[in-house]
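> Here is a sequence with its predicted model. Questions after.
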Amino acid sequence: FLQGEALTLRRKLDVSSAECARLMVRLGELESDHAKIQEQMDNDQRKISELTQNLARTELELRRERREHAFLQAKLESGLQIERAESSSMLSVSAAAQEKELICLALQAEICTLEERM
């Protein structure tokens with residue numbers, strides 16, 4: 001009887017040993033997977049850090065571009081205002097010149113009329 005019990009226990013031990021060996025292999029696989037996942041997480045974290053730095057640089061460049069755009073826009077508006085003022089001034093001068101020409105023509109006509117009467 002004891003030999004039968006010992007044989008049964010021996011079989012159970014062999015099965016347990018085989019199961020333990022299988023579990024140890026699986027544990028090794030899981031540890032390897034964990035190491036790969038950890039490495040990928042580290043790589044992802046580096047990429048996130050790089051992207052965050054790139055984003056900060058891009059935002060800084062964008063702020064600079066906006067400031068430069070605002071400056072150029074203000075400069076353009078100022079130039080347009082000056083151009084409008086000059087144009088308006090030239091129109092005034094031109095209108096004054098035309099008015100003087102009309103006065104001269106009127107005076108010449110009056111002179112001609114006076115000369116004809118004489």
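Noted; the coordinates are in hand. Owing to the predicted nature of the structure, the values given are computational and were not obtained by experimental measurement. Residues are numbered from 1 along each chain as shown.

> could you give the mean pLDDT of the helix or strand residue 98 falls within?
Assigned by DSSP states H and E, residue 98 falls within helix 2-117. Per-residue pLDDT over helix 2-117 has a mean of 91.

> Show me what counts as buried in stretch 12-29.
Judged by neighbour count (16 or more other C-beta atoms under 10 Å), stretch 12-29 contains no buried residues. For every residue, glycine as well, the C-beta is placed using N, CA and C.

> how close does residue 112 sit to residue 104?
12 Å (C-beta to C-beta, to the nearest Å).

> next one: residue 64
59 Å.

> And residue 77, by the same measure?
Going from residue 77 to residue 104 by C-beta to C-beta gives 40 Å.

> Residue 43 now?
Separation of residue 43 from residue 104 (C-beta to C-beta): 88 Å.

> swap in residue 60?
From residue 60 to residue 104 the distance is 65 Å (C-beta to C-beta).

> cool, and residue 31?
107 Å.

> what's the answer for residue 18, then?
In terms of C-beta to C-beta, residue 18 sits 125 Å off from residue 104.
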